[in-house]
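S.K.: A predicted structure for the sequence below; I have some questions about it.
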Amino acid sequence: MHARYFLRTLGQPALYAPSGDPVRFRVKKHLALLVYLGVEPRAALRRDQLADLLWCSATASEGRHSLATALSVLRARLGRGAFETTRDTVRLATDALEVDLERLVRGDVLGDDVTPPLQVDAFLGGFEVPDAEEFLRWRDRQQATFLPHIVTGLGRQIDRCRRTADSREMERLADRLLALDHLSEEAIRAKMESRAFAGDRLTALRVYEEWREELQRELGAVPSDLVEGIAVRLRRRGWERTTKTHIPSVPTDQWRDRPFIGRRNEYRVLYEAWERSRDHQPTHVLVRGDSGIGKTTIVERLSTAAGLEGASVARVQCYELDREIPYAAVTALVLGLLTRPGASATPPEALAELSRTVPEVRHRFPSIPPSIDSQGESARVRLAEAFHQLALAIAEEHPVILVVDDMHLADDASLAVLHLVLRRAQGQPIMVVLTIRPGELGQAPTASRLLESALPLRFRAIELLPLGEADAFELIASLIGPRGRGPTGATRHAILEAARGFPMVLELLVKDWQTNDRRSLALALGAMTAELGGARVMDAAGSYEHIFARLCRSLDDTTQSVLNLAALLGRRLNTIEMYSLVDLGIGDTMTGLTRLTQLRVLRESGEGLEFINELVRACAYRSVPSPVRK
């Protein structure tokens, strides 16, 4: 089938050639005639009817002449075979044109890998044709006819934006929907959510209050529990106007000036898992990725979105020192759940058992009975059962999300309890989200065993990969701001090359460049001189310095030698012959490079192995003794 011209009628009308290029019209009425012929059923239309539609103020002969001129213009654009004409009738060929209304009516508004999303807006919105009152009345009738499809299409696109964390586009769609229906609850919810993710909580509340008053005044109706709950969770002291004080607030200010770029597909998997868990089809999620790749950001984004929808979220950030403290991670999760609605419905015996490990439980519920003394494995099982009953009591009112960030650093006792809870929570609205750094799993055998059982426990794995070049450019632009001076030429290339798609590294290097310009870290990393390692590099490397030190503990002498020389070689680390400088044969070299790849110090690229980013190489470079570097 040959490619067809495409006619857009939603919003400002426009005609596009099969190549995608716009086709221009100098006279509005010529485009209006094409719209009418394309939208009306493809039957033969009388010429005098078309003349009266667009040239009603002209005489009959003048109207027919203007119509003939318009048809000649359209034939020149679409081809002579596009129209079937007689002395008295005009008909647009069935296969001459594709109209966006066809996609709208069949619900194809989201697009796919080949077809872009449909632009959904008011029918001929803002399109005025002077001296064509009959055409304008026809336009208004068509708008009323297609309005239900337009509202449905905008709703589906808003929902897709919600699932992909595209809050900016969601706000634009919400504004379009409000222009069509100023009382639309779907639009006002999307507007509130988008403002919340922009860190503008007060505007979200103002929009809600104005809409609620208008809804009451015009329809005598009240908002749904979902939208009212979002408003309550956004409020703080001084704004409260409801008796629902038991609903916890959801902080959103942390998203101000904090872009969310390049993770839409991964976020959709995470959000859909939350939806299934909310519907009592629990799906847990494992987010894998190296340090600085964006694991915490994507999980925090879900926590905010789910929190606005009513979820009770408890999160623990695990640290290496916590490994030696039994039940440290479980304690943090219990403390996060204690203040949630429904916690007081937990059986007293379960609260008493929790108080043995978490003394704050007895401070909050002083009337609970004494706990039963138990030891060893029995104590662990009883604690797991009590923790599950606390989460289940809260889940009776609101779904529960438990987040364990850097699970590979959690203590073994907490992981064992979490494993038992996962097995008992089947079919209940309790969702568990774990984040890990794959390179450090070798030092966490208990975490590794838990992940081995991930499949029967209904875990979905999300692998976060480095950002592509387009997303990296977008992130740089958002960090610079619309009025800031961004890096250009060699400097921008140096920043992109050093970051290698890691959002945290990219943000760090851009801020460092804004402060130090030509003396910035991104430009210094390329040289890797013997003197590299001043205070600025130490500050910039930050967490990478600690992570790298942890990884290197497990390295044998051969792998350490490979790492030392690879840090010195930089781009030439794939030149195997160079490793003979430190008395390494091909076998030892390949073994060491394989081990470093498993630890995620190195990664595969189109040209061989490379460091995952230049900050990791800087840490390795600094660890090489100074005499060796020189």
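M.R.: Now that the structure is in, tell me what you want to look at. Bear in mind that the values here come from a model prediction, so they are computed numbers and not experimental data. Numbers count the residues shown, from 1 in each chain.

S.K.: only C-alpha atoms for contact and neighbour calcs from this point on.
M.R.: OK.

S.K.: what about residue 313, which helix or strand?
M.R.: strand 312-317 (DSSP states H and E).

S.K.: roughly how far out does that strand sit from the chain middle?
M.R.: Relative to its chain's centre, strand 312-317 lies at 19 Å (CA atoms, centre = their mean, to the nearest Å).

S.K.: counting contacts, what elements does it pack onto?
M.R.: Using 3 or more CA pairs under 8 Å, 6 or more residues apart in numbering; DSSP states H and E, the elements in contact with strand 312-317 are helix 328-338, strand 400-405.

S.K.: Just put the ones you listed in CSV and tack on mean neighbour count and distance to residue 229.
M.R.: Shown next, in CSV, are the helices and strands packed on strand 312-317 (neighbours: other CA atoms under 10 Å; distance: least, CA to CA, whole Å):
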stretch, mean neighbour count, distance to residue 229
helix 328-338, 21, 19
strand 400-405, 25, 16
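
S.K.: Looking at these, which is nearest to residue 166?
M.R.: strand 400-405 (22.0 Å; CA to CA).

S.K.: May I have the closest one as CSV, with CA atoms only?
M.R.: What follows is strand 400-405, C-alpha atoms only, in CSV (Å, rounded to 0.1, in the frame of the first residue of the first chain):
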residue,chain,number,x,y,z
VAL,A,400,2.4,-1.1,51.5
ILE,A,401,5.7,-0.6,49.7
LEU,A,402,8.9,-1.7,51.5
VAL,A,403,12.1,-0.3,49.9
VAL,A,404,15.5,-1.7,50.7
ASP,A,405,18.2,0.5,49.1
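
S.K.: can you give me the angle that strand makes with helix 328-338?
M.R.: 150 degrees (axes from the mean of the first three to the mean of the last three CA atoms, to 10 degrees).

S.K.: The stretch 51-200 of the chain: strands as residue ranges?
M.R.: 83-85, 89-92, 97-99 (DSSP state E, counting those that start in this stretch).

S.K.: thinking again about what came up before, reformat the helices and strands packed on strand 312-317 as CSV; add distance to residue 367.
M.R.: What follows is the helices and strands packed on strand 312-317, written out as CSV (distance: least, CA to CA, whole Å):
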stretch, distance to residue 367
helix 328-338, 15
strand 400-405, 25
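
S.K.: Residue 220: which of those is closest?
M.R.: Among the helices and strands packed on strand 312-317, strand 400-405 sits nearest to residue 220 (CA to CA), with 34.3 Å.

S.K.: The strand holding residue 313 pairs with which strands, and in what direction?
M.R.: strand 400-405 (parallel) (DSSP bridges).

S.K.: what's the following helix or strand after the strand it pairs with?
M.R.: Downstream of strand 400-405, the first helix or strand assigned by DSSP H and E is helix 412-424.

S.K.: on that earlier part again, show me what the strand holding residue 313 is in contact with.
M.R.: With CA atoms under 8 Å, 6 or more residues apart in numbering as the contact definition, strand 312-317 has outside contacts at 303, 307, 329, 332-334, 336-337, 340, 394-395, 398-406.

S.K.: could I get that strand in CSV with only the CA atoms?
M.R.: Written as CSV, here are the backbone C-alpha positions of strand 312-317 (Å, rounded to 0.1, in the frame of the first residue of the first chain):
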residue,chain,number,x,y,z
SER,A,312,2.3,3.5,52.8
VAL,A,313,6.0,3.6,52.0
ALA,A,314,8.8,2.6,54.3
ARG,A,315,12.3,2.9,53.1
VAL,A,316,15.7,2.0,54.5
GLN,A,317,19.1,3.0,53.0
